[in-house]
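Chemist: need coordinates for the following:
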Amino acid sequence: MLRTRPVLLFLMISQLFIFRSHLLASAILDPIDFLALQSIRKALDDLPGSNYFNSWDFTADPCNFAGVYCSADKVVALNLGDPRAGSPGLTGRLDPAIGKLTALAEFTAVPGRIVGTLPPTLSQLINLRFLALSRNFISGELPESLGQLRGLQTLDLSYNQLTGSIPWSVGALPSLSNVILGHNSLSGSVPSFVSQTLTRIDLKHNELNGSLDSTSLPPSIQYLSLSWNRLTGSVFRVLTGLNRLNYLDLSMNQLTGEIPGCLFTFPITNLQLQRNLFSGPVQPVGQVTIQAVDLSFNRFSGQISPFFSSVQSLYLNNNRFMGKVPASFVDRLLDASIQILYLQHNYLTGIEINPTAEIPPSSSLCLQYNCMVPPLQTPCPLKAGTQKTRPTGQCIEWKG
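Modeler: Numbering: from 1, shown residues only. All right, here's what the predicted structure looks like:
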C-alpha cells in the first residue's frame, strides 16, 4: 500500500503539469499582437452607454476579449464595439499599431465617433479579407496603399467624411466582392474595377465626376448605386454589358444619351434613373417585369411603350413623351395592378378612360400638364403644380 502512494503522487503531479502546460499554451498570445491590442485600446474609449471595453483586462487572455478572435497565437478577427442594435459605439482614433496584427482577416468597428484618418499601416494586413468601418467620422483620403490588400473582398467605409479620389489601386484589387463607399465627400472619377467576382458597388452621395468607361465595371455586378454624384456622359455601352443587375440607381447625376432597351430585360427589381439628362426614345424589347421604374425628370421622348404596363410603380413624369397613353395601362390601373402611374408634365395627347371610372384606392394616377384635358380628376403630388393642361402654344410648337 505504501509503495503505491509515490506512484499516485507522481501521476497526479504529471497530470497537473500537463494541464498547466496546456493552459499556458492556449493563453499565450504573440507578444507583438498583445502590444498592438494594448495600443488600440489606449486610442479608443466607450461612448457613454457602451461597455464594450469592460472585458479588455490585459492581465487575462486577450483572446477572450469581446470582439477579439484568435487562431493559435495570432489575432485573426477584430470587431470593435458592441454589435447589438442601438449600441453607442466607440470614440477616439485608430492606432497605427493595427498594422502589427499581420494575421488579421477581418477588421470592423460598429457605428460611433471614431475620428481621424485611416492608418497607412492597414496596408500591412496582407491577410485582410473584410474591412468595415462605416458610420463613424473617419476623414482624410483613402490610402493608395490599400491596393496592397490583394485578398480584400469587402471594403465598407460608407457614412464617413472621406475626401479625395478613389485610388486606382483599389479598383485593381483582384478579389473584391463589395465596394461600399457611399455618403462621403469623395471626388474624381470612378476607377476601373478589375475583379471578376465584384457584385456590389455603392458610391452614392459623393462628389464623383467624369464619365464611366465601357470597361469600368465587370459583368459580375448585381448591385450598382452611383446616385447623387456629378457623373456625365453616356452609359449606353456600360449598361449593355451588365446583364446580371438586380438593382440600379444612377439618379441625381448629369448623364446623357439614350438607354439600351435590353436594360429592361435584366433581373432588376428597382430601376432609378431619375433627374439626369437622358434623352431619346425608351424602347423595351419585351414586357417589363421590373417592379419599380423611375425615369422622371429627364428628356426622354417619343411614345410610351405598352411594355411598361406591367410595372407596378412607374414614374415617367417631367419628360417629353407624346402621343396617347396605351390602353393596356388603363386596364391594369383599374384592376389595381399598377400602383403608381405618374405621367404629368409631358406632351401626351390622350388616354382612353371613362370619365366616371373609379381609380382603386391603392392606385395613383397623375395626368396633369399634358397636351390634353385630363378626363378625370385625380390627386397629384404637390410638386406637380396646379395647372391641369399645358399651354396650347407649347403643344403646337413642340416637335418632340
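
Chemist: hey, let's count contacts and neighbours off CA atoms from now on
Modeler: Noted.

Chemist: ranges for the strands of the stretch 101-250 of the chain?
Modeler: Secondary structure of the stretch 101-250 of the chain by DSSP state E, counting those that start in this stretch: the strands cover 106-109, 113-117, 130-132, 137-141, 154-156, 161-165, 178-180, 185-188, 200-202, 207-210, 223-225, 230-234, 247-249.

Chemist: show me the one of the ones you listed that comes nearest Asn318.
Modeler: Closest approach to Asn318 among the strands of the stretch 101-250 of the chain (Cα to Cα): strand 247-249, 18.2 Å.

Chemist: circling back to that earlier point, adding mean pLDDT and distance to Ile351 as columns, could you present the strands of the stretch 101-250 of the chain in TSV?
Modeler: Shown next, in TSV, are the strands of the stretch 101-250 of the chain (pLDDT from 0 to 100; distance: least, Cα to Cα, whole Å):
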stretch	mean pLDDT	distance to Ile351
strand 106-109	98	55
strand 113-117	98	55
strand 130-132	98	51
strand 137-141	98	52
strand 154-156	98	48
strand 161-165	98	49
strand 178-180	98	44
strand 185-188	98	45
strand 200-202	98	39
strand 207-210	98	40
strand 223-225	98	35
strand 230-234	98	33
strand 247-249	98	30
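
Chemist: for Phe308, find the nearest of these.
Modeler: Phe308 lies closest to strand 247-249 among the strands of the stretch 101-250 of the chain, at 17.3 Å (Cα to Cα).

Chemist: in this protein, where is pLDDT below threshold?
Modeler: Regions of the chain meeting the criterion pLDDT under 70 cover residues 1-27, 397-400.

Chemist: can you put the strands of the stretch 101-250 of the chain in a markdown table and add distance to Leu382 and mean neighbour count?
Modeler: Putting these into a markdown table (distance: least, Cα to Cα, whole Å; neighbours: other Cα atoms under 10 Å) gives the following:
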| stretch | distance to Leu382 | mean neighbour count |
| --- | --- | --- |
| strand 106-109 | 42 | 20 |
| strand 113-117 | 39 | 20 |
| strand 130-132 | 40 | 18 |
| strand 137-141 | 36 | 19 |
| strand 154-156 | 37 | 19 |
| strand 161-165 | 34 | 20 |
| strand 178-180 | 34 | 20 |
| strand 185-188 | 31 | 20 |
| strand 200-202 | 31 | 20 |
| strand 207-210 | 29 | 20 |
| strand 223-225 | 28 | 20 |
| strand 230-234 | 27 | 20 |
| strand 247-249 | 24 | 19 |
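
Chemist: and those strands as CSV, adding distance to Gly49?
Modeler: Shown next, in CSV, are those (distance: least, Cα to Cα, whole Å):
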stretch, distance to Gly49
strand 106-109, 16
strand 113-117, 13
strand 130-132, 22
strand 137-141, 19
strand 154-156, 25
strand 161-165, 24
strand 178-180, 28
strand 185-188, 30
strand 200-202, 31
strand 207-210, 35
strand 223-225, 34
strand 230-234, 40
strand 247-249, 37
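
Chemist: to Ser363, which of those strands lies closest?
Modeler: Of all these, strand 247-249 comes closest under Cα to Cα, at 23.8 Å.

Chemist: contacts for whichever helix or strand comes after that closest one, please.
Modeler: Counting by DSSP states H and E, the next helix or strand C-terminal to strand 247-249 is strand 254-257. For strand 254-257, contacts defined as Cα atoms under 8 Å, 6 or more residues apart in numbering pick out 230-236, 275-280.

Chemist: recalculate using a threshold of 7 Å.
Modeler: 230-234, 276-279 (Cα atoms under 7 Å, 6 or more residues apart in numbering).

Chemist: point out the other elements, helices or strands, that the next helix or strand after it touches.
Modeler: Sequence-wise, the next helix or strand downstream of strand 254-257 (DSSP H and E) is strand 270-272. Applying 3 or more Cα pairs under 7 Å, 6 or more residues apart in numbering; DSSP states H and E, one finds that strand 270-272 contacts strand 247-249, strand 292-294.

Chemist: how far does the last one sit from its chain's centre?
Modeler: The reference is to strand 292-294. In terms of Cα atoms, centre = their mean, to the nearest Å, the centre of strand 292-294 is found 18 Å from the chain centre.

Chemist: and that strand, what does it pack against?
Modeler: strand 270-272, strand 313-315.

Chemist: by contact count, what packs against the next helix or strand after that strand?
Modeler: Remark: after strand 292-294, the chain's next helix or strand is strand 299-303, criterion DSSP H and E. With contacts taken as 3+ Cα pairs under 7 Å, 6+ apart, strand 299-303 sits against strand 277-280, strand 320-325.

Chemist: Arg390: how many residues sit nearby?
Modeler: For Arg390, the neighbour count with other Cα atoms under 10 Å is 19.

Chemist: surely it meets Val373?
Modeler: No: using Cα atoms under 7 Å, Arg390 is not in contact with Val373, being 8.8 Å away.

Chemist: which ones are touching Val238?
Modeler: 213-214.

Chemist: separation between it and Ile259?
Modeler: Counting by Cα to Cα, to the nearest Å, the gap from Val238 to Ile259 is 10 Å.

Chemist: do the same with Gly81
Modeler: Distance, Gly81 to Ile259, by Cα to Cα: 45 Å.

Chemist: mind listing the helices for this protein?
Modeler: Remark: helices assigned in the chain by DSSP state H are 4-27, 31-42, 168-171, 236-240, 327-334, 392-397.

Chemist: before we move on, the earlier item: can you tell which of the helices and strands packed on strand 299-303 is closest to Glu144?
Modeler: Closest to Glu144 of these, according to Cα to Cα: strand 277-280, at 33.4 Å.
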